[in-house]
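A.B. asks: Predicted model follows, preceded by the sequence.
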Amino acid sequence: MTEGEWLIDKSALVRLGHSSDRDLWANRIERGLVHISNLTRLEIGYSARSGDVARREFREPPLAAMPVEYLTPKIEDRALEVQILLADRGQHRGPSIPDLIIAATAELSGLTILHVDNDFDTITAVTGQSTTRLAYASTAKGGRSGAGDNLEQAGESTAD
């Protein structure tokens, strides 16, 4: 049996440092089995504390080890198609536009979505595609921290 490949969502990426399977995912990332969409890279860049931090995060693991999946017209068309299918169910205002595009990217690339976001459950109820929910321990504050903060906790330096 061959091991699968995943497309990581930012919801999972920022929690890798808290994952109970941290070493397993680090190994999969090192082996190029965990991909990232360019849309997720843009989300990470948006959350960066500075240009220097963003540059460092993109050139070092884990981000540098992830193959990038770029958007195509077929991906964009599939995201719209799924949004319309969700509208048929009255669920089209739940999942974000980025989540629709990331799900379409994974579906058309044959990748499993790695996430911690209930919107993907809504989307995949329509598409039937596979997902993996990252197992993680929530922070003491119960909230999410920025990508840089959790990459640091995953063993990556994000100091300014």
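C.D. replies: Yep, it's here.

A.B. asks: hey, let's count contacts and neighbours off CA atoms from now on
C.D. replies: OK.

A.B. asks: Same question for the longest helix along the chain: list its buried residues.
C.D. replies: Counting by DSSP state H, the longest helix found in the chain is helix 73-88. The neighbour-count check on helix 73-88 (16 or more other Cα atoms under 10 Å) flags 75, 78-80, 82-83, 85-86 as buried.

A.B. asks: now stretch 17-31
C.D. replies: 17-19, 22, 25-26, 28-30.

A.B. asks: Between all of those, which two are at the greatest distance?
C.D. replies: By the measure Cα to Cα, 18 and 30 form the most distant pair in the buried residues of stretch 17-31, at 17.9 Å.

A.B. asks: Quick check: closest non-adjacent residue to residue 108.
C.D. replies: Excluding the flanking residues, the one nearest residue 108 by Cα to Cα, 6 or more residues apart in numbering is residue 75, at 6.9 Å.

A.B. asks: meant to ask about residue 87
C.D. replies: residue 93 (7.9 Å).

A.B. asks: Run a quick neighbour tally on the one you found.
C.D. replies: Number of residues near residue 93 (other Cα atoms under 10 Å) recorded here: 10.

A.B. asks: Secondary structure element holding it?
C.D. replies: Secondary structure assignment for residue 93, by DSSP states H and E: no helix or strand.

A.B. asks: Now do the phi/psi pair for it.
C.D. replies: phi -100, psi 0 (degrees, to the nearest 10).

A.B. asks: measure the residue sitting furthest away from the middle of the chain to residue 81 for me?
C.D. replies: Centroid-distance maximum for the chain: residue 88 at 26.2 Å, with Cα atoms, centre = their mean. Remark: distance between residue 88 and residue 81 (Cα to Cα, to the nearest Å) = 11 Å.
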